[in-house]
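Chemist: kindly generate the corresponding structure for this input.
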Amino acid sequence: MVNFVPVEKLKPGMVLARDLYGVDSFTSRLVMLRAGQTLTISHITKMISLDIQGVYIQESAETVAPKVVNTELKQEVLTQVKEIFDISEKTSEYLYAENIQHANDALEKLINTIVNTEHLYVDLASLRMYDDCTYNHSLGVTVLAIAIGKSLRISRKNLSELAMAALLHDIGKMQVPVDIIQKPAKLSKEEFSLVKEHPEKGYKTLSQKNLVSELVLSGIVSHHERVDGNGYPNKTSGKDIPLFGRIIACADVYDALTAQRPYRTSSKPTDAIEYIMGSSGRQFDRGVVRGFLRCISPYPVGSCVQLSNGDVAVVAEQNEANPLRPIVFLMDDPTVMIDMYADKKYYNVVITGEVEEM
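Modeler: Okay, here's the model as predicted:
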């Protein structure tokens with residue numbers, strides 16, 4: 001297996017996986033490095049001078065990009081939310097401040113990881129660890145909510161509150177019969193009415209014992225409101241919906257669409273992003289959607305993609321305005337850089353998918 005590595009990320013000792021060709025503009029001589037060759041500082045410097053965007057490298061421990069959230073941290077957060085949800089499902093009487101504090105300790109580590117990651121683009125598929133969608137969903141929504149909050153420049157203190165609200169946004173579902181939550185078919189009107197009670201049930205569970213702040217509670221109770229006023233439980237609209245609720249609503253829907261559920265297959269990230277964009281101003285807050293688009297991408301830098309016009313390209317840079325239309329360069333001619341968002345010649349060209357092998 002090979003990885004495309006941008007030239008600025010190359011390190012001496014990496015091994016080329018494919019032949020590399022280039023032309024020195026000063027000497028007009030062909031420059032070539034063979035597959036299997038170990039890169040040196042001089043090789044990398046030469047590539048930069050030739051304006052080569054990147055090369056294919058044999059995968060190794062050094063070339064595989066680290067996950068934003070490592071397995072241990074995912075496990076820690078999932079363990080804490082599972083404990084809280086399991087207690088709440090049986091009886092909220094045994095839910096104590098200590099349970100919330102343990103979750104908060106894990107969330108602080110998660111927030112620090114996300115805040116300190118430059119050019120963060122969330123890959124929710126890599127977060128899912130358990131078959132049980134409840135806990136995976138809580139983790140996915142939390143990570144994406146934190147990333148959106150960071151994008152919107154929310155204060156560090158409020159990020160902690162937002163993270164807790166996102167982690168516990170569905171705690172009220174523990175009081176909804178499990179056969180309804182896991183029903184592998186469309187819910188009846190009566191069943192859906194029971195599900196729609198979960199924001200208020202979650203609010204009541206946590207507020208009775210003063211376990212979290214009013215900010216956290218506001219996010220939990222409002223995460224199914226819509227900016228057009230057609231949400232629930234209170235049909236709140238626009239900016240009257242608490243900011244945390246507006247952020248969690250966006251993260252909640254994206255994670256739900258891209259996850260496998262008993263009653264439907266998962267949507268592709270590209271389709272989910274298009275849905276969020278298309279629902280901006282109706283279901284979702286426009287500012288929150290802009291923040292969402294700055295931290296999500298189905299095509300990471302270095303991805304090899306197929307274009308609808310037949311070209312094969314490599315993603316060189318993200319477009320914050322529309323992650324479905326990044327800046328790419330052509331495989332056949334790496335000197336040709338294309339901004340798929342701004343270049344009028346490419347308005348009718350779309351990415352049809354990733355190319356796994358060349």
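Chemist: surely V77 is in a helix?
Modeler: Yes: counting by DSSP: H, G, I helix; E, B strand; the rest coil, V77 falls inside a helix.
Chemist: mind checking pLDDT for it?
Modeler: Looking at V77, its pLDDT reads 89.
Chemist: and Q208, how many neighbours does it have?
Modeler: Residues near Q208, counting by other CB atoms under 10 Å, number 11. Where you see a C-beta, it was placed from the backbone N, CA and C, and this is true even at glycine.
Chemist: so how far is T258 from it?
Modeler: To T258, Q208 is 34 Å away according to CB to CB, to the nearest Å.
Chemist: how's this structure carved up into domains?
Modeler: What the record gives for the chain is the domain set 2-58, 71-293, 304-354, from automatic domain parsing.
Chemist: straight-line length of the longest one, end to end?
Modeler: What it means is domain 71-293. 25 Å (CA to CA, to the nearest Å).
Chemist: which parts of this protein are helices?
Modeler: 41-49, 71-90, 97-115, 133-151, 156-167, 178-181, 189-195, 198-207, 214-221, 243-258, 269-278, 286-293 (DSSP state H).
Chemist: export those helices to a markdown table and tack on mean neighbour count?
Modeler: A markdown table is the format used below for the helices of the chain (neighbours: other CB atoms under 10 Å):
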| stretch | mean neighbour count |
| --- | --- |
| helix 41-49 | 14 |
| helix 71-90 | 17 |
| helix 97-115 | 17 |
| helix 133-151 | 25 |
| helix 156-167 | 23 |
| helix 178-181 | 13 |
| helix 189-195 | 12 |
| helix 198-207 | 21 |
| helix 214-221 | 23 |
| helix 243-258 | 24 |
| helix 269-278 | 17 |
| helix 286-293 | 20 |
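Chemist: ok, which of those comes nearest M331?
Modeler: helix 41-49 (16.2 Å; CB to CB).
Chemist: what sits against the residue most central in space within the chain?
Modeler: Nearest residue to the geometric centre of the chain (CA atoms, centre = their mean): V122, 2.9 Å. Contacts for V122 (CB atoms under 8 Å, 6 or more residues apart in numbering) come out as V68, V143, L144, A147, C295, I296.
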